[in-house]
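> Next one to model:
(2 chains)
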Number of protein chains: 2
Amino acid sequence: MNENVLGIIAGLLTSGSMIPQLIKVIKEKNADDLSSGMLIVLISGVSLWIWYGFLKDELPIILTNAFSVVVNVTLLIYCLIYKNK
Amino acid sequence: MNENVLGIIAGLLTSGSMIPQLIKVIKEKNADDLSSGMLIVLISGVSLWIWYGFLKDELPIILTNAFSVVVNVTLLIYCLIYKNK
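Next comes the predicted model:
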């Protein structure tokens, strides 16, 4: 299989696995199950992967981790909003 | 920064972010908050990343995703055990 296609599929699966969590938080307006500390660690890690992708010039790593940052930053924002309520 | 060191740190952060969840499940003997479907998607994605790592011959990707498979397969096993109770 083409490496880039493989990387994009792998990245869509790993980033996409957070989407059901995001939908659950939005629907239930509740983020008690989520740890904001865990999200901050995850966002840091994903951001470093983007940096790694730029250094290695690997588009699948850059694109899928950028998507992952968007999903997880959104989760973190909801997490902070609902926990303060 | 050395690319491999960067990749290892990035991978430790992204894989490590699941460990608090694992500890919580083991302590509380409860996995109701976890979706086994999400875990299966995540494990598939991480496995593809390992394949990608082998194709590209990138050790940080192989090692950190292998660690992630171990953590998530353990979570899935607990998830299946506790949900059947």
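> packing partners for the longest helix anywhere in chain A?
Identified as the longest helix of chain A according to DSSP state H is helix A:59-83. Where contact means 3 or more Cβ pairs under 8 Å, 6 or more residues apart in numbering or on different chains; DSSP states H and E, helix A:59-83 is packed against helix A:3-16, helix A:19-28, helix A:36-56. The way it works is simple: take the backbone N, C-alpha and C, and place the C-beta from them, glycine included.
> Flag every buried residue along it.
A:60-69, A:71-72, A:75-76, A:78-79, A:82 (16 or more other Cβ atoms under 10 Å in any protein chain shown).
> and A:Asp57, backbone torsions?
When quoted as degrees, to the nearest 10, the phi and psi of A:Asp57 stand at phi 60, psi 50.
> Distance-wise, check it relative to B:Pro20.
From A:Asp57 over to B:Pro20 the distance is 33 Å, taken as Cβ to Cβ, to the nearest Å.
> what's the answer for A:Thr74, then?
For A:Thr74 relative to B:Pro20 (Cβ to Cβ), the value is 20 Å.
> Could you do A:Phe54 as well?
When A:Phe54 is compared with B:Pro20 (using Cβ to Cβ), they lie 29 Å apart.
> likewise A:Asn72?
A:Asn72 is 15 Å from B:Pro20, by Cβ to Cβ.
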